[in-house]
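Enquirer: This is the structure alone, sequence omitted:
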């Protein structure tokens, strides 16, 4: 039986786990970061938490007898992705990354591309009402945005103060429809939307809402991804796993 470590945290990871659950030829171990919210069980062995750096990760792979690693983490979790690629290469373990395509602007979109959060102040004018859809972990990177009202949506109520001079946390649990996002942006009098280019259908409704309302969007570009096997879809990932079980003869 092949032991597959699935680094999770995305919709694709959940779908891959569901597709492989019960396969008698594969034992899937899903690994979630400690801050990941898991709404329901994944149907396979699941661990939560870090590995303890490169040494801890290497020890884990050996101790658990992992035969292959499938990285289906968030496109912005690049530190983990680079480390995974490097370690698997050194250990000779098959490794692939599930990386869904990024969003691209279409007719009616008003996007400004940012390299990171610190560039937002160069484009968003003082006094603007800003809807921040990049997560609470990055709020302190918004240097120079103190005179804008920053509204950050998160699933759970905050346990601490808002880290910027002006703004607040807005509770909300996805998914959200385009109509819901349009109504919310109107109610909050939003002037700008800030988004990471995560790609995927689940969270693009806010972009469709911004297009309807003719709102400008500050789009944070993806960081550099590791070199190696990249798979765009769940079907591609399942095909890669199947290939490990039944390699094609030369």
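Expert: Great, that's in hand. Keep in mind that what you see is a predicted model, and the values were worked out from it rather than measured.
Enquirer: now the residue positioned nearest the centre of the chain: how far from residue 135?
Expert: Nearest to the mean C-alpha position of the chain, counting by C-alpha atoms, centre = their mean, stands residue 74 at 2.8 Å. Applying C-beta to C-beta, to the nearest Å, the value for residue 74 to residue 135 is 10 Å. Every C-beta, even on glycine, is put in place using the N, C-alpha and C of the backbone.
Enquirer: Run through this protein and note the low-pLDDT ranges.
Expert: Along the chain, the model assigns pLDDT under 70 to residues 35-40, 246-250.
Enquirer: what are the ranges of the strands in it?
Expert: According to DSSP state E, the chain carries its strands in the segments 2-7, 26-32, 45-48, 68-71, 95-98, 110-114, 129-133, 149-154, 167-171, 192-196, 216-220, 229-231.
Enquirer: For those strands, give me a markdown table that also has distance to residue 177 and mean neighbour count.
Expert: Output for the strands of the chain, formatted as a markdown table (distance: least, C-beta to C-beta, whole Å; neighbours: other C-beta atoms under 10 Å):
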| stretch | distance to residue 177 | mean neighbour count |
| --- | --- | --- |
| strand 2-7 | 30 | 22 |
| strand 26-32 | 27 | 21 |
| strand 45-48 | 30 | 14 |
| strand 68-71 | 30 | 25 |
| strand 95-98 | 26 | 23 |
| strand 110-114 | 21 | 16 |
| strand 129-133 | 15 | 22 |
| strand 149-154 | 15 | 20 |
| strand 167-171 | 17 | 15 |
| strand 192-196 | 16 | 23 |
| strand 216-220 | 18 | 20 |
| strand 229-231 | 29 | 17 |
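Enquirer: can I get the ones you listed in a markdown table with distance to residue 82?
Expert: Shown next, in a markdown table, are those (distance: least, C-beta to C-beta, whole Å):
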| stretch | distance to residue 82 |
| --- | --- |
| strand 2-7 | 12 |
| strand 26-32 | 16 |
| strand 45-48 | 21 |
| strand 68-71 | 10 |
| strand 95-98 | 10 |
| strand 110-114 | 21 |
| strand 129-133 | 25 |
| strand 149-154 | 27 |
| strand 167-171 | 30 |
| strand 192-196 | 18 |
| strand 216-220 | 18 |
| strand 229-231 | 13 |
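Enquirer: orientation of whichever helix in the chain runs longest relative to strand 2-7 in degrees?
Expert: In the chain, assigned by DSSP state H, the helix with the most residues is helix 78-91. Helix 78-91 and strand 2-7 meet at an angle of 150 degrees, taking axes from the mean of the first three to the mean of the last three C-alpha atoms, to 10 degrees as the criterion.
Enquirer: From the chain's centroid, how far away is helix 78-91?
Expert: 17 Å (C-alpha atoms, centre = their mean, to the nearest Å).
Enquirer: same thing with stretch 218-235?
Expert: With C-alpha atoms, centre = their mean as the basis, the mean position of stretch 218-235 lies at 10 Å from the chain mean.
Enquirer: same deal with stretch 161-169?
Expert: Taking mean C-alpha positions (C-alpha atoms, centre = their mean), stretch 161-169 and its chain are 23 Å apart.
Enquirer: Could you do stretch 53-66 as well?
Expert: Between the centre of stretch 53-66 and the centre of its chain there are 24 Å (C-alpha atoms, centre = their mean).
Enquirer: surely residue 134 meets residue 198?
Expert: No - counting by C-beta atoms under 8 Å, residue 134 stays clear of residue 198, with 9.4 Å between them.
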